[in-house]
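[1] build me a model:
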Amino acid sequence: MASRYDYHNAEAPNTQPPTSPYGSGDPYYNESSGYIASGPPKKGTSKWIKVGIPIVIIIIVGAVVGGVLGSRASKHDNSSSSSNGSPADASSVNSVKNAVGRFATSTDTDYFMPVYPSTTNSAAYGQPTFNTGAGNKLTWPKDPFQPSSPSATNVRQDRPRLIAPAYKWEALPSLISNDSYLSGWNQSIINNATQYFNLPPVKYFMDGDSGILDNAREIKMRIKAFCYAYRITKDTKWIDRTFNELKNAAGNGTEGFGEAVDRWNSQHFLDTAEFTAAFAIAYDWLYDVWSAEQKGQIMSTMITYGLSYGDQAYTNSSAYFGWWRTNTEGNWNCVCNSGLTMGALAILGDDTSGLAESLLKLTIPNALQNCVGAVTDDGTWTETANYWYFGTTGHAEMTSSLITATGSDYGMLNDNSQFKQTGLFHMYVHGPTSLFDFGDHGPNKFSATANSVIFYGSQYNIPQYTLYQRDMFDAAEPWSMFWYDPSVSGAFWDGLPLDHFFDNQLDQWGSMRSSWTDNDALYVAMKAGQNVGHQTHNDLDCGDFVLDAMGTRWAGDLGSGDYRSLHYFLSDKQDAERWLYYRKRTEGQNTILVNKQNQLVTANPTVNHELPTQRSQVEQPFSTFQMDRQHSGLQIYPVHILM
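    Residues are numbered from 1 along each chain as shown. I've put the predicted structure just below:
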């Protein structure tokens, strides 16, 4: 299984700030996204503090010999207000929301995190809730498509089918005019589309065995923006620009695009899936304005370079590129099945070959067997915090498309009863500066964002998720416009514990912070867990930790190595060449190193974390990570840190 990861995409050159929580780079850093211009610069930091923090780091590094973390009692953030216990009526809530507007006053220029005011309006910053009662202007109408017996091959008759049905487009202008978040995102999307409009079509670049995934996701990002811009403005220039981008990716542009036989590089099937998703969006969202000839060309290209290879992946046992179908609980299965599902749903009814219908009978049960299992029973994504973005984007796109096109998710949301916890994982794995970014970071994210959290907030009725993500800089993109429930109110941090421990044996990690809303807050996250079972994206890093304080990451992870390195993904066995690379071996982690030896891949640390009810000092988090020679190749004695 691990050998199949030789086909991962290469790590792209790092063109973004080194503090970027998005790995090697993300186009949203250069766009009009959810970024809010900063106010006056902060005052200088005391020299005493600058000297003191490194000393604290030295102390903590020494204490890491004991591998310590905490799990505090549930308590309100100092900057939050107490919940009033009963949500106000919709009209009064809306008036308060309109008065306050967007909660974040600016975006931090170093780490792109939202900056919240130091004082809050108690009427607005209270209990998180969705106010979906009758008479609320800030709520979506009910979907008129309500099949009594949903079937994956029985789709709605109106267009679009995927993610954004016609009834939502009809309601959107009014919601934009009455909701500050939707209004801001709408303008940002148009600005981004305008920027892409003035660029030439994406130039083909094959990055060796690592594929053309960056090409696929950048094109998908552009197509989403172009299609959205047309449906909002009705300016036909967006139709022409969309078709030019599609022609280029089909190999019919002014420059070549890949090999004629396998243009979308099925050998690295993520590429194929993302191209298929991009063409599906264009076909479906602009269905009513394409000519019959254009529809035929788009569908033919999607079938030839996308869906036909998906059929081979499922039905041809000798097709090596279909390895992701079996025992792959991670982003590969989610992304590949999502792209094929979106493509099939888009052309169902127009496709006379029967391919779309047959694929839907394969992708959905396979995703239920694999993709939904990528979240453990505590909500942690089995790969890494960065690969969560790719996996949950694929999962959310597939699930949302099934719901809007056919009326059911077929178990994608609830077959794994704890999948709903993955939003909590993302919130706690993110510190005041950036992610607890253990393991591989992955490629450029382009069309992959954290907006699956907004989708999960609406689907699982967890308003904290929606409230958390809406102030993030990557919130401004087309999916958010339809996944966001504008009836939401309150503050995500109200009643949310500052600390949380994730106790699944595969991952076992926890985080603690002094505040949810202070960019200068103290944040420590630390992991134990196992060194195998992460789709060959992990490091040998039991005991690894990160530390944020005073708006700076003082102890961080190095992240990915060069994905093009020899046998980087070939194996995660003890003698694997992966563990010879500094960023992957124990020596390159924030953990103890003994005799310059790597930890054992069979490491199985034990963790003792006490809940507040078990201790008298409830204000002090307490947890011990212990790794002995038998389980990790190290002798580490417990030392307790109390914050």
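[2] G423 against F455, yeah?
    No - contact between G423 and F455 fails when scored by C-beta atoms under 8 Å: they sit 9.4 Å apart. C-beta coordinates here come from the backbone N, C-alpha and C atoms, glycine included.
[3] shared neighbours, these two?
    Residues touching both G423 and F455 (C-beta atoms under 8 Å, 6 or more residues apart in numbering): there are none.
[4] the more surrounded of these two?
    Neighbour tally, G423 and F455, criterion other C-beta atoms under 10 Å: the higher count belongs to F455, 29 against 25.
[5] ok, that one touching A475?
    No - assessed by C-beta under 8 Å, F455 is found out of contact with A475, at 11.9 Å.
[6] tell me how many other residues crowd N327.
    11.
[7] if I look at it, how far off is G373?
    The spacing between N327 and G373, counted by C-beta to C-beta, to the nearest Å, is 9 Å.
[8] also Y563?
    From Y563 to G373 the distance is 24 Å (C-beta to C-beta).
[9] of the two, who's got more company?
    Y563 (22 against 18).
[10] and the next element down the chain from the worst-scoring helix or strand of the chain on mean pLDDT?
    Here the helix or strand of the chain ranked lowest by mean pLDDT, DSSP states H and E is helix 47-63, holding a mean of 43. Using DSSP states H and E, the helix or strand that follows helix 47-63 towards the C-terminus is helix 90-100.
[11] dump the residue contacts of P478.
    A164, I189, K224, A225, C227, Y228.
[12] ok, and the closest non-adjacent residue to the most centrally placed residue in the chain?
    Centroid check for the chain by C-alpha atoms, centre = their mean gives Y389 as the closest residue, at 2.4 Å. Nearest residue to Y389, sequence neighbours excluded (C-beta to C-beta, 6 or more residues apart in numbering): A448, at 4.7 Å.
[13] and the pLDDT at that neighbour?
    Listed pLDDT for A448 reads 96.
[14] can you give me the strands in the stretch 401-550 of the chain?
    488-489, 500-502, 509-513, 523-527, 545-549 (DSSP state E, counting those that start in this stretch).
[15] tabulate these (a markdown table), appending mean pLDDT and mean neighbour count.
    Output for the strands of the stretch 401-550 of the chain, formatted as a markdown table (pLDDT from 0 to 100; neighbours: other C-beta atoms under 10 Å):
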| stretch | mean pLDDT | mean neighbour count |
| --- | --- | --- |
| strand 488-489 | 96 | 26 |
| strand 500-502 | 95 | 23 |
| strand 509-513 | 95 | 24 |
| strand 523-527 | 96 | 27 |
| strand 545-549 | 97 | 24 |
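[16] what's the closest of those strands to L570?
    strand 523-527 (24.0 Å; C-beta to C-beta).
[17] what's the closest one packed up against?
    Helices and strands touching strand 523-527, by 3 or more C-beta pairs under 8 Å, 6 or more residues apart in numbering; DSSP states H and E, are strand 509-513, strand 545-549.
[18] please name whichever of those is nearest to T129.
    Per C-beta to C-beta, nearest to T129 of the helices and strands packed on strand 523-527: strand 509-513, 23.8 Å.
[19] next one: that closest one to chain centre, how far?
    19 Å (C-alpha atoms, centre = their mean, to the nearest Å).
[20] stretch 592-607 now?
    Counting by C-alpha atoms, centre = their mean, stretch 592-607 comes out at 29 Å from the chain centroid.
[21] can you give me the end-to-end span of that stretch?
    Using C-alpha to C-alpha, to the nearest Å, the end-to-end distance of stretch 592-607 comes to 17 Å.
[22] now that stretch: mean pLDDT?
    91.
[23] hmm, back to that, using a markdown table, lay out the strands of the stretch 401-550 of the chain together with distance to A344.
    Compiled in a markdown table, those are given as follows (distance: least, C-beta to C-beta, whole Å):
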| stretch | distance to A344 |
| --- | --- |
| strand 488-489 | 32 |
| strand 500-502 | 35 |
| strand 509-513 | 37 |
| strand 523-527 | 39 |
| strand 545-549 | 41 |
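[24] C-alpha coordinates for the helix or strand harbouring K220, PDB please?
    Assigned by DSSP H and E, K220 falls within helix 213-233. Provided in PDB are the C-alpha atoms of helix 213-233 (Å, rounded to 0.1, in the frame of the first residue of the first chain):
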ATOM      1  CA  LEU A 213      -2.400  18.400  -9.200                       C
ATOM      2  CA  ASP A 214      -1.500  22.100  -8.800                       C
ATOM      3  CA  ASN A 215      -2.800  22.600 -12.400                       C
ATOM      4  CA  ALA A 216      -6.000  20.800 -11.600                       C
ATOM      5  CA  ARG A 217      -6.800  22.600  -8.400                       C
ATOM      6  CA  GLU A 218      -5.900  26.000  -9.800                       C
ATOM      7  CA  ILE A 219      -8.200  25.500 -12.700                       C
ATOM      8  CA  LYS A 220     -10.900  24.200 -10.400                       C
ATOM      9  CA  MET A 221     -10.500  27.400  -8.300                       C
ATOM     10  CA  ARG A 222     -10.800  29.600 -11.300                       C
ATOM     11  CA  ILE A 223     -13.800  27.800 -12.700                       C
ATOM     12  CA  LYS A 224     -15.700  28.100  -9.500                       C
ATOM     13  CA  ALA A 225     -15.100  31.900  -9.400                       C
ATOM     14  CA  PHE A 226     -15.900  32.400 -13.100                       C
ATOM     15  CA  CYS A 227     -19.200  30.500 -12.900                       C
ATOM     16  CA  TYR A 228     -20.200  32.200  -9.700                       C
ATOM     17  CA  ALA A 229     -19.400  35.600 -11.200                       C
ATOM     18  CA  TYR A 230     -21.600  34.900 -14.200                       C
ATOM     19  CA  ARG A 231     -24.600  33.700 -12.100                       C
ATOM     20  CA  ILE A 232     -24.400  36.800  -9.900                       C
ATOM     21  CA  THR A 233     -23.700  39.500 -12.500                       C
END
